[in-house]
Structures are given as C-alpha cells and as structure tokens.
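Q: Sequence plus predicted model, see below.
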Amino acid sequence: MTRKTKMMTALGGAALLALSTTADARELTFAIGHPPGSYLITGGEAFAETVAAETGGSLTAKVFPMSLLSMAETSAGLREGLADMGTVMSTYFTAEFPHTNMILDASMMLGGMGPEAAKVAGLAYAAAMAEFILTQCPECNAEFAAENQVYTGAAGTPGYALNCTKPVVTMEDLAGARLRIGGANWARWSGAVGATPVTMSGNEMLEALAQGVLDCIILSVPDVQNFGMGASVKHITMGAPGGVYVASLTNMNRDTWLELTAEERSAVMKGAARAAAISTWAYQAGQEEVLSKVAADGVTVHQADPAVIAKTAEFAAADRTALVGLYADKGVTRGEEMLTAFQALLEKWVGLTQGITGADALADLYWSELYSKVDVATHGN
C-alpha cells in the first residue's frame, strides 16, 4: 500500500467515524415558559452545557424560551412528546398533581422557622422538595408517570412579596385588592386578609397589570424583572405573604427517558443538579440587586404593616393543619405523614444551605447530597 493510499484510507476512516458520531448524537428539546434571559432559562442553559460535557457531546439539549410551549401548555406538551423536556408549574394542574402540590402548598411553613430559614428559603425548599419527591413520595412520581413524565429536579424562588400598582401595605389596603396568585396557599391567604385572589397564567400577568385588571401580583421580586413588569409595578411590599414557588425544572418525557442509557441518565441528573442550583441561586442572590435597581428607578419598597405580618403568621399556622383535610378531599390519603416527613427534610436543608456563597458551591452540594444518589436504573421506569 502506498503512502498516498494509506493516507486516503485513514482519512476515509476518520470521515466515517465523524459521520457515525454525528448520527449517534441526540439533541433534546427543552421547553421553558419563561422569557429569554430569565433565571430559569439560565438554569436550562446550564443543564445543556453540563449534559454535553458529561456525555462528550453525544447527548445535547436546546432550550426554547417561551416559544415551543407556554407554561400552561408544558405538562400536556411533555405528555404528548411535543418536547423532550420541560419546566412544569405543577400548581397550574391541580387535578393531575395533588400530592406534589400539597408539598408546594405548604411553603408558608418557612415563616415559622426563623430568620435563618428566610435567608435560604428558595435554596432549602427546592432541595427539600426535590429530595422528598425523588426518595419519599411514590405517589408524586406516579402522578408524573400518569402524565408520561419523569421528575428529575426543582428550582425555587425567594419568599413571595406583593408587587403592586399602588401601595398595598396595611390590612385596610388589602381589603378588596385584586391579587394575582400562583398557588392555592396564596389564594387562601388572600381570602384570609380580605383580598380577592385572581388566577391567570404567568404569561398574562403583564397585560393584566398594565390594564388595571390587577392591583398586585403575588410573586418573587426577581420575577418582576424576569417577566418585564417593572414599568407597571410602582410599589413592592416585603414581608407578606411569604412562601416560595418551586418549579419542576427539568421534567422529561418518559418515552425519551426510557430511551436513554444509564450513563446518559446520570448526565441528565448532573445537569438537573446544576440547573437547579444556577436558577435557584440567581433568584436568591438577585433579590437584593433587583430591589436596589427598582428603588433607584422610583419604585417604593415597603415593609408589610405589623398587623399584616401577624395575620399572616396566624394564617400559616392554621393552614398547615388545614392542608391535610383539603388534600384528603383530592385523594391524598397520608397527608399528615407526608408533611411531617417533608418538614424534617426542610429543616435538614435549611442547615445544609447556611453559608453557601455561590452557585457552584450550591451545585456541588445538591449533587453530592441528593442528585448523585438517585438510582437511574430504576427511577422513572
């Protein structure tokens, strides 16, 4: 064989290998109903980077912000295979996810855990909820399976505040105020303080606020900016109602999950841990930055009146007990047992997340303490 022939043979083999590698590579479609540049999108992009790095590029993901599926469409879209992955806001689907939503609905329990819990509210609650679903809630996993989904992780916000077009600070201000709510606990709180809860998709909030349909949105302060509502929000009241929101950040179509190898599933879990950390840290760290920015732009930042704070604490204590009965009516048969087990996990994660100083450290913590321990050979099967 001549040198030229050997070279051509080698080049041909390399080309065939490259074609084979390209043909074997798989790109996951990842639908997130938040706008470009928002914290969940940043987390989704971190997921894509991690999975590609972990698999040497044989498995990748492309994030579709607020385009492929809206927040209201994501659960059904995953079920039907319109996307391989998606961020599911379970509170939009009360009939489908009662066990999952009961745990999310209990987030006002953070208010009774002191200032240390408040500092790490989203960091701890997202991790505790992910651990509970992944390891202690077969009913939660069955709910996702019934929707042809596999749960792989969560991202959380800091405590919810009142983002308003006018001052809503006192009990008198709250009387009759129209508040957009994103979960049943905030609806019940709204009723308890004399306000009127309004349910609508997150994608509809901006227009409703701008047109005066709403007085306030109960939302984390960073999401005021994530959804581009800064021009309409003129007053922010901190300290009430509290509670956090946790999204099922990296849910996967179950058919897609079953097609992945064990190594690819492990890469997905590594990506899920990093996505959860990046998104959740951005929310927690971004709150003070956003508050400073909006104050400089003329938004008035208030602290809730002491009477509102006292009424909120009274509500949260009673609501923890009421949840068991409320969700028993929705088919949750071991509500008290679930809430007790979850509270223990939450207390653990409040301790674990104290002193975390950045997203990378949070990602390492999430991976070592939780996500790396998921048995990918059996989870989702």
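A: Alright, I've got the coordinates.
Q: Pretty sure I133 sits against Y151.
A: Yes - using Cβ atoms under 8 Å, I133 makes contact with Y151 at a distance of 5.6 Å. For every residue, glycine as well, the C-beta is placed using N, CA and C.
Q: Which of the residues in stretch 348-361 are classified as buried?
A: 349-350, 352-353, 356, 359 (16 or more other Cβ atoms under 10 Å).
Q: again with stretch 331-345
A: 332, 335, 338-339, 341-343, 345.
Q: could you point out the longest helix in the chain?
A: helix 262-296 (DSSP state H).
Q: Can you name the element that comes right after that one?
A: strand 300-303 (DSSP states H and E).
Q: tell me the average confidence for that following strand?
A: Averaging pLDDT along strand 300-303 gives 95.
Q: now for that strand, which elements pack on it?
A: Counting contacts by 3 or more Cβ pairs under 8 Å, 6 or more residues apart in numbering; DSSP states H and E, strand 300-303 is packed against strand 235-238, helix 262-296.
Q: Where does the prediction get shaky in the stretch 151-300 of the chain?
A: 202-203, 226, 230 (pLDDT under 70).
Q: redo that, cut-off 90
A: The model of the stretch 151-300 of the chain has pLDDT under 90 over residues 182-184, 199-212, 222-232, 285-290, 292-297.
Q: Then the stretch 1-150 of the chain?
A: 1-24, 35, 37, 91-92, 111-115, 118.
Q: Which parts of it are strands?
A: Applying DSSP state E, counting those that start in this stretch to the stretch 1-150 of the chain gives strands spanning 26-32, 59-65, 85-88, 149-150.
Q: Run through the bridge partners of T196.
A: Assessed by DSSP bridges, T196 has beta-bridge partners R178.
Q: That one: how many residues sit nearby?
A: 16 (other Cβ atoms under 10 Å).
Q: Report the separation between the residue lying closest to G111 once chain neighbours are set aside and G159.
A: Nearest residue to G111 in three dimensions, chain neighbours excluded: G242, at 4.8 Å (Cβ to Cβ, 6 or more residues apart in numbering). Distance of G242 to G159, given as Cβ to Cβ, to the nearest Å: 5 Å.
Q: again with A282
A: With Cβ to Cβ as the criterion, A282 and G159 are 15 Å apart.
Q: So these two - more neighbours on which side?
A: G159 (25 against 22).
Q: just checking, the more buried one is part of a strand?
A: No - looking at G159 with DSSP: H, G, I helix; E, B strand; the rest coil, it is coil, so not inside a strand.
Q: ok, back up a step: give me the common contacts of I133 and Y151.
A: 140-141 (Cβ atoms under 8 Å, 6 or more residues apart in numbering).
Q: before we move on, the earlier item: name the helix or strand for the residue nearest to G111, please.
A: Using DSSP H and E, G242 maps to neither a helix nor a strand.
Q: For the residue lying closest to S266 once chain neighbours are set aside, which residues are in contact?
A: Sequence neighbours aside, V376 is the residue nearest to S266 in space, at 5.4 Å (criterion: Cβ to Cβ, 6+ apart). If you count contacts by Cβ under 8 Å, 6+ apart, V376 has them with 262, 265-266, 268-269.
Q: Of these - the most surrounded one?
A: Highest count within the contacts of V376 by other Cβ under 10 Å belongs to V268, 31 neighbours.
Q: Quickly note the distance from it to G122.
A: 22 Å.
Q: just G194 next, same as before
A: 28 Å.
Q: didn't A195 look like it was pressed against L174?
A: Yes - at 4.8 Å, A195 counts as touching L174 under the criterion of Cβ under 8 Å.
Q: got the contact list for G81?
A: Counted by Cβ under 8 Å, 6+ apart, G81 has contacts 148, 253, 255-256.
Q: Just want the most central residue of the protein.
A: A247 (2.3 Å; Cα atoms, centre = their mean).
Q: so what's that one up against?
A: 40, 87-90, 154-156.
Q: Alpha carbons of the strand or helix carrying it, as PDB, please.
A: Using DSSP H and E, A247 maps to strand 246-253. Output of strand 246-253 as PDB, limited to C-alpha atoms (Å, rounded to 0.1, in the frame of the first residue of the first chain):
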ATOM      1  CA  VAL A 246     -40.800  25.600  43.300                       C
ATOM      2  CA  ALA A 247     -40.900  24.600  39.700                       C
ATOM      3  CA  SER A 248     -40.400  21.100  38.400                       C
ATOM      4  CA  LEU A 249     -37.500  22.500  36.400                       C
ATOM      5  CA  THR A 250     -36.200  19.600  34.300                       C
ATOM      6  CA  ASN A 251     -39.100  17.100  33.800                       C
ATOM      7  CA  MET A 252     -38.600  14.700  30.900                       C
ATOM      8  CA  ASN A 253     -40.900  12.900  28.600                       C
END
